[in-house]
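> what would the 3D arrangement of this be:
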Amino acid sequence: MAVEIRTFPVVIDGQALVLGNARDISERKEAEEALRWSEEKYRTILTEIQDGYFETDIGGNFTFANDSLARILGYSKEDLIGVNNRAYMDEENAKSVYRSFNKVYRTGEPNKGFSYQIIGKDGSARFIEVSVSPLRSGEGETVGFRGVMRDITERKHAEEALRQSEERYRTILKEMRDGYYEVDLAGNFTFVNDSACRYLGYSRDEMMGMNYRVYTVKEDVESVFKVFNQVYRTSEPVEGFAWRATRKDGTRGFAEASVSPLRNDEGQVVGFRCVGRDVTERKQAEDALGQSEERYRTILENIEDGYFEVDLRGNYTFFNDSLCRMLGYSRDEMMGMNYGTYTPKKGAQAVFKAFNGVYRTGKPIEGFSWEVLRKDGSRRFGEVSVSPLRDPAGNITGFRGIHRDITERKQAEAEREALLKDLKKVNRRLEQSNRELQDFVYVASHDLREPLRKITSFGTLLQESLGGKLDEDQEENFEFMVDGADRMQAMIDALLTYSRVTTQAKPFEQVDLNKVIEDLKKVELAALLDETNGTIHVPESLPPVRGDPSQMHQLLQNLTGNGLKYRREAIPPEITIRAHQMDGDMVRVEVQDNGIGIDEEYRDQVFAMFKRLHSRQRYEGTGIGLAVCQKVVDRHGGEIGVESAPGEGSTFWFTVPRGSYSGDN
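Next up, the predicted model:
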């Protein structure tokens, strides 16, 4: 029992007395003690809970914060008091929080579980979930807000990781080449990815709900059912069993499948998930390999060359009948025999070095000579190629090789050496004869020019002096004589040009084809271009080439001039010149015209000496220009040709060595 006593002094009849009263306060004390314990428990809860607890005024300024709130925000409790709760978030989140607090104020109802992002003191972003309720005065007026703040950053990260994981899962299922599908216990599809649809040739809508028996080859239905049943009974996956399917288009496919149980949340098996890999091509390859191995064995037994396999010590482990015939031994005698048995001592060291080189480098050796001693004592020569023989791990366990008997070839080579000596003598005589012939052509054509000029000059003078005195036949005879001399002069000039390709050849140097074309347009071909109203186009700059400058000039002049000369009637000639670098060190140049074209049967003849496809009355010339082109290109180590069709123009092309651009090494 608790008593509250009050005393006060009084004086009665001159005597000092102390009066007092006592009141039972047991209930009030119990209430005060309960309140103290409640507040202590309240403070303990606020201190110990992981969630942040706060109280704010109407404006949202913190008036109380527990330790957890300070920890979440990264500030001390003292730093938080008086600070607005929207100070730790960006503008967008601040507006959202304001609306949430305002709703609590307007309705007087708590707002539970809304989330937003805050920025901690260290600058890191945190995700929180907040529940807010009104804080009321004794009269029931809302004077602020109290709330609980929970840090859900890890949950948000986990949710994002889950979302990304599911996105990866969907992407993998969509992109992976293997077919993935899920079926219920009856074998009906409940999910299928695109690869499975492509493999079977059905659309996703057609596949959904379809039973696996629809497309499974009849002979495999029972075995697939047994696999499903085994997975259901044991709850263990089955991997790598064969599954043949008939596609929608009727073709047959081969799959290598794995099946595992599909469970519900209670762990019960409610279906199966399957991954099927299309191994149709592999099956076909295996069949082809089997056929190939059969052909391989057949070939080995029928080829004339000897095939052998030996271990690292050089003992035979496999060989074909041809090798037995070459060496004169039976198959039983050969098995286990060492190659040194029939190799003469003089060549044994070289053969050993060859095998050792293959072992050290792992690279094959081709075409080394091997002299062998047959069982009957006769000697034969072989040409052998050897490569390493490896086990599945890649280790060299021996050697395989091809042995070709070249005894007859060796004999033929000896005979050829003797013939080559004779041929060199003949070539030297032929070269001397060619030089003499070239000198003769040059001298003869040079010496013939003078008398021909006299015939032309004096014939013309005589014709003019007898003008009016000759009858028609005599006049025509004079014209034939002068014309014949002129044509002979042109032919001699052409022969001189042809011979000069060799006699007046110059060293190769860098040649700018663009400049050559411009020079031709301004000088040699200027009159012909003006006469025919022709044009020469170079769409793109031509690459540099390496050659004899004067001969490159002559080559392009002849080909371009031909394009201008052999034009179609009433159509101005157009010449287009292009060039591009080929693989290697050559450049291909093309000269395209819009002229009369060439019949296919004459394309290979146009480069022959004096070959003409048209009469002199229609197109003048000696028929030697393209022969000169051929000789120039030959001298430069290239090729020349033409692509053409009558009435569609011609494209003459040639290849010559490429030059170097500025900056090339």
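> mean pLDDT per helix and strand in this structure: which one sits at the bottom?
helix 26-48 (a mean of 58; mean pLDDT, DSSP states H and E).
> give the partner strands of the following helix or strand past that one in its sheet and their orientations.
Downstream of helix 26-48, the first helix or strand assigned by DSSP states H and E is strand 52-57. Next to strand 52-57 in the sheet, as set by DSSP bridges, lie strand 62-65 (antiparallel), strand 142-151 (antiparallel).
> can you redo the ones you listed as a markdown table with mean neighbour count?
C-betas here are computed from N, CA, C, even on glycine. Shown next, in a markdown table, are these (neighbours: other C-beta atoms under 10 Å):
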| stretch | mean neighbour count |
| --- | --- |
| strand 62-65 | 20 |
| strand 142-151 | 19 |
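> dump the ones you listed into TSV; add distance to Asp585 and mean pLDDT as well.
Converted to TSV, the strands paired with strand 52-57 look like this (distance: least, C-beta to C-beta, whole Å; pLDDT from 0 to 100):
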stretch	distance to Asp585	mean pLDDT
strand 62-65	83	91
strand 142-151	73	90
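> distance to Asn211 added to the ones you listed, as a markdown table?
Shown next, in a markdown table, are those (distance: least, C-beta to C-beta, whole Å):
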| stretch | distance to Asn211 |
| --- | --- |
| strand 62-65 | 64 |
| strand 142-151 | 50 |
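> looking at these, which is nearest to Thr317?
Among these, the nearest to Thr317 by C-beta to C-beta is strand 142-151 (73.4 Å).
> and the contacts of the closest one?
Strand 142-151 is touched from outside by 50-58, 60, 63, 69, 72, 101, 104-105, 108, 126-137, with contacts defined as C-beta atoms under 8 Å, 6 or more residues apart in numbering.
> distance between it and the chain's centre?
62 Å (C-alpha atoms, centre = their mean, to the nearest Å).
> try stretch 188-207
From the chain centre to the centre of stretch 188-207 is a distance of 30 Å (C-alpha atoms, centre = their mean).
> tell me which residues of it are tucked away?
188-189, 191-193, 195-197, 199-202, 207 (16 or more other C-beta atoms under 10 Å).
> for Glu569, state which of those is nearest.
Proximity of those to Glu569 (C-beta to C-beta) peaks at Gly201, which lies at 61.8 Å.
> now do that closest one against Ala255, distance only.
Distance of Gly201 to Ala255, given as C-beta to C-beta, to the nearest Å: 13 Å.
> cool, and Asn93?
From Asn93 to Ala255 the distance is 53 Å (C-beta to C-beta).
> in the sheet, who's paired with Pro261?
Applying DSSP bridges, one finds that Pro261 bridges with Phe272.
> what sits against it?
Taking C-beta under 8 Å, 6+ apart, we find Pro261 in contact with 231-232, 235, 237, 269, 271-273.
> measure Lys424 to His403 for me?
Plainly put, Lys424 is 34 Å away from His403 if you go by C-beta to C-beta.
> now do Phe607
Taking C-beta to C-beta, one finds Phe607 at 47 Å from His403.
> pick out whichever of the two has more residues nearby.
Neighbour count, other C-beta atoms under 10 Å: between Phe607 and His403, His403 has more, with 24 against 19.
> quick one: secondary structure of that one?
strand (DSSP: H, G, I helix; E, B strand; the rest coil).
> and the pLDDT at it?
In this model, His403 is scored at 90, pLDDT.
> who touches the helix or strand hosting Gly276?
Per DSSP H and E: Gly276 is located in strand 269-278. Applying C-beta under 8 Å, 6+ apart, the external contacts of strand 269-278 come out as 177-185, 190, 196, 199, 228, 231-232, 235, 243, 253-264.
> over to stretch 291-305?
Under the criterion C-beta under 8 Å, 6+ apart, residues 307, 320-322, 402-405 lie in contact with stretch 291-305.
> alpha carbons of that stretch, in CSV - could you do that?
These are the backbone C-alpha positions of stretch 291-305, laid out as CSV (Å, rounded to 0.1, in the frame of the first residue of the first chain):
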residue,chain,number,x,y,z
GLN,A,291,30.5,-44.8,-96.0
SER,A,292,33.7,-42.8,-96.2
GLU,A,293,35.5,-45.4,-94.0
GLU,A,294,34.2,-48.1,-96.2
ARG,A,295,35.4,-46.2,-99.3
TYR,A,296,38.7,-45.6,-97.4
ARG,A,297,39.3,-49.3,-96.9
THR,A,298,38.3,-50.1,-100.5
ILE,A,299,40.7,-47.4,-101.8
LEU,A,300,43.6,-48.5,-99.6
GLU,A,301,43.2,-52.0,-100.9
ASN,A,302,43.0,-50.9,-104.5
ILE,A,303,45.4,-48.0,-104.9
GLU,A,304,48.7,-48.6,-106.4
ASP,A,305,50.6,-46.6,-103.8
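> buried stuff in it?
Of all the residues in stretch 291-305, those buried under the rule 16+ other C-beta under 10 Å are 300, 305.
> how far is it from where the chain is centred?
36 Å.
> with stretch 52-72 instead?
Its chain's C-alpha centre and that of stretch 52-72 lie 61 Å apart, by C-alpha atoms, centre = their mean.
> give me the buried positions along that stretch.
52-54, 56, 60-66, 68-70, 72.
> model confidence over the helix or strand that Asn93 is a member of, on average?
Using DSSP H and E, Asn93 falls within helix 91-107. Averaged across helix 91-107, pLDDT comes to 88.
> how far does that helix sit from the chain's center?
Centroid separation between helix 91-107 and its chain, computed with C-alpha atoms, centre = their mean, is 57 Å.
> report how many residues lie close to Phe241.
The number of residues packed near Phe241 is 16, by other C-beta under 10 Å.
> hang on, it in a helix?
No - under three-state DSSP, Phe241 falls outside any helix and is assigned strand.
> what's it in contact with, if anything?
Taking C-beta under 8 Å, 6+ apart as the definition, contacts of Phe241 comprise 223, 227, 256-259.
> and the helices in the stretch 551-665 of the chain, which stretches?
In the stretch 551-665 of the chain, the helices defined using DSSP state H, counting those that start in this stretch lie at 625-635.
> give the other helices and strands that the host helix or strand of Val516 contacts.
Assessed by DSSP H and E, Val516 sits inside helix 513-522. When contacts are defined as 3 or more C-beta pairs under 8 Å, 6 or more residues apart in numbering; DSSP states H and E, helix 513-522 packs onto strand 535-537, helix 549-565, strand 574-581.
> 6 Å instead?
helix 549-565 (3 or more C-beta pairs under 6 Å, 6 or more residues apart in numbering; DSSP states H and E).
> which of the residues in the helix it packs on are buried?
So, applying 16+ other C-beta under 10 Å, buried residues of helix 549-565: 549, 551-565.
> what's the answer for stretch 243-261, then?
Neighbour-count burial for stretch 243-261, counted by 16+ other C-beta under 10 Å, picks out 243-246, 253-261.
> check stretch 106-121 too.
Using 16+ other C-beta under 10 Å as the test for burial, stretch 106-121 gives 111, 116-120.
> also compute the angle for the helix or strand Arg233 falls within relative to strand 269-278, please.
Arg233 is located in helix 218-234, with elements delineated by DSSP H and E. Orientation note: helix 218-234 sits at an angle of 140 degrees relative to strand 269-278 (axes from the mean of the first three to the mean of the last three C-alpha atoms, to 10 degrees).
> and helix 218-234, what does it pack onto?
Against helix 218-234 (3+ C-beta pairs under 6 Å, 6+ apart) you get strand 238-246, strand 252-263.
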